[in-house]
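Asker: Okay, predicted coordinates and the sequence, questions at the end:
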Amino acid sequence: MDKPNKKEDKSTWAIGGGLLIGIGAGIFYIRTYPLGLVAFTLIGIGLGLIITSVISRK
């Protein structure tokens, strides 16, 4: 039941990867900068969205 010639969408991979990197960096800095988890998570999501827009242009 696979659809032939279907182009796979990797945009969710880019957003999820940015989110995971942001959370990882936030956990690394959580003792010195308590709001770092939130800040780095938002930065990761933002970078993932930018990468998604670049990927979708192709």
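Answerer: Yes, it's here.

Asker: Give me the residue at the spatial middle of the chain.
Answerer: residue 18 (2.2 Å; CA atoms, centre = their mean).

Asker: so where do the strands sit in the protein?
Answerer: In the chain, no strands are found when defined by DSSP state E.

Asker: Look through it and tell me its longest helix.
Answerer: Ranked by residue count and defined by DSSP state H, the top helix of the chain is helix 36-57.

Asker: May I see the buried residues of that one?
Answerer: For helix 36-57, burial by neighbour count (16 or more other CB atoms under 10 Å) applies to 36, 37, 40, 41, 43, 44, 45, 47, 48, 51, 52. For the C-beta atoms, the positions are set from N, CA and C on the backbone; glycine is no exception.

Asker: Counting by contacts, list what that helix packs against.
Answerer: Secondary-structure packing of helix 36-57 (3 or more CB pairs under 8 Å, 6 or more residues apart in numbering; DSSP states H and E): helix 11-28.

Asker: and the helix it packs on, which residues are buried?
Answerer: Buried residues in helix 11-28 (16+ other CB under 10 Å): 14, 15, 18, 19, 21, 22, 25, 26.
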